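A.B. asks: After the sequence you'll find the predicted model.
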Amino acid sequence: MMETDNKKFSFAADLKAYNISENAISLDENAKQIGLLLNQIKIGDSKLAMDNLASIKDAVAESQNATPLNKVNEYVKLGEHMQFLVMELSQTENLKYLKQMAVCYLDIAKLSEDDRVKNLSFAVADRLIGDDTCEKAAKVK
Amino acid sequence: MSYFVWLNFVIVFLFGILWGVLELVINYELKYVGSFNRKYKRAKEEHDDVVLDKEESAVGYVFLYLLLNGFISALAFYSLKFFSKEPVLEIDSIEVSNLIIAGFGGVVVLRSSIFSIQLNGRNVDVGLISIVQALLDKIEKKIKHNIAANRICEIYEIMKDIDYEAAKEELPSLCIRYIDGFSEKDSKDLINAIKEINGSISNINKCMQLGREIARYCDVEILKRAIKKLPVLKEGKERKVAGQGDAQAKDEFETRKEKLLVR
């Protein structure tokens, strides 16, 4: 019974791996863009932001040479650290780059067709959209 | 001429025929020997676009093959009597041993070749086997055509309302969950086959190809029942018909991107 289940799992994994490998070039490019945009972010002296930024860079680098299924795991890591980074950095000067990173991450989520990445990308995007709304509201006041 | 002469020849003739039937039953799906089966004929009446120009029937070739088997066995029995210098017309009992020898002898002779020659890079056997092989090839070809024709109709009926994009992942994963012997190699083969179904071909074509690929591993009945239990495969198509399908799926990503890129 166990053996049968493993075999069936492999079909789902194979199919997922195929979807990822089909979009590997675009996924890698989007991840690279995130890596480049990270260089524009000003983190000041926040240790937490610095750690998250380094983790994102690691995840981007790892995702480039990873197997399709490991790529998704790296994107999940990337998303989680991005989420923390977005929460940590709320300065207006970073917002532009964070938004661009979020757009790239949305593209990654769309191409990878993975629910974990999708949920993380929505969380990051929604957070930034929410920040923007707050910012606009503050300006109106 | 006694009654036993006829009886012996009939028995050895039937022996040859029985051997031929056994061979066909083991090697081919005999339900497709006739022209298209009833299911196909019904589908043919309903869908003129999926029929072949003419009906393919292997019945004639099957009869010929069986008669040849029977005839050769009878000939072998006659030869046995003739060469042992026993009068053929004076048989007064059922000669079981001679019948068995003649029956098997006929079968062996019919499938034997004297020598083989090289023709266009392939070996061609010279002997009665070449006649048998030609007949079997004809039967096989006709049966394969009938199977294909039936399959097209069967798969069309099952897949006609399905949305390929919705089905390509859900349908194989559900169907194979009910196949105990599904191996890792099968999984990879199926993925590769699904990869091939691409390009600008129509939805129904893609669906029929998908159905065919899945049906290689599971019974068509499983496919049919899986689809019945997954109405979402049809809903996908209905959403598209209503003009909301793709847009709705993209919305979540695109609206967020638009909001992020505003300003």
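C.D. replies: Here it is on my side, so go on. Numbers count the residues shown, from 1 in each chain, chains lettered A, B, ... in the order given.
A.B. asks: Residue B:223 reaches residue B:158, doesn't it?
C.D. replies: Yes. Judged on C-beta atoms under 8 Å, residue B:223 makes contact with residue B:158 at a distance of 5.8 Å. Backbone N, C-alpha and C define where each C-beta goes, glycine included.
A.B. asks: Which neighbours do these two have in common?
C.D. replies: residue B:211 (C-beta atoms under 8 Å, 6 or more residues apart in numbering or on different chains).
A.B. asks: which residues in the stretch 1-150 of chain B form helices?
C.D. replies: Taking DSSP state H, counting those that start in this stretch as the test, the helices found in the stretch 1-150 of chain B are B:3-27, B:38-46, B:59-83, B:96-110, B:128-159.
A.B. asks: where does chain A have low pLDDT?
C.D. replies: A:1-10, A:90-91, A:131-141 (pLDDT under 70).
A.B. asks: How about the residues of chain B by chain A?
C.D. replies: By the criterion of C-beta under 8 Å from any C-beta of the partner chain, the positions of chain B lying close to chain A are B:169, B:172-173, B:176-177, B:180, B:182-184, B:187-188, B:190-191, B:194-195, B:252-253, B:256-257, B:259-261, B:263.
A.B. asks: Just the buried ones from the residues you listed?
C.D. replies: B:172-173, B:176-177, B:182, B:187, B:190-191, B:194, B:252-253, B:256-257, B:259-260 (16 or more other C-beta atoms under 10 Å in any protein chain shown).
A.B. asks: Now intersect the residues of chain B next to chain A with the helices, please.
C.D. replies: If you go by DSSP state H, the residues of chain B next to chain A have B:169, B:172-173, B:176, B:184, B:187-188, B:190-191, B:194-195, B:252-253, B:256-257, B:259-261 in helices.
A.B. asks: can I get the CA coordinates of stretch B:17-26 in CSV?
C.D. replies: C-alpha atoms of stretch B:17-26 as CSV (Å, rounded to 0.1, in the frame of the first residue of the first chain):
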residue,chain,number,x,y,z
ILE,B,17,-9.8,-24.8,-37.2
LEU,B,18,-9.8,-25.0,-33.4
TRP,B,19,-6.0,-24.4,-33.4
GLY,B,20,-6.5,-21.4,-35.6
VAL,B,21,-9.2,-20.0,-33.3
LEU,B,22,-7.0,-20.5,-30.3
GLU,B,23,-4.2,-18.6,-32.0
LEU,B,24,-6.5,-15.7,-32.9
VAL,B,25,-8.1,-15.6,-29.5
ILE,B,26,-4.7,-15.5,-27.8
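A.B. asks: For that stretch, which residues meet the burial criterion?
C.D. replies: B:17, B:19-21, B:23-24.
A.B. asks: next one: stretch B:139-156
C.D. replies: By neighbour count on 16+ other C-beta under 10 Å, the buried set for stretch B:139-156 is B:139, B:142-143, B:145-147, B:149-156.
A.B. asks: Show me the two of the residues you listed that sit farthest apart.
C.D. replies: Farthest pair in those (C-beta to C-beta) is B:139 and B:156. Separation: 26.0 Å.
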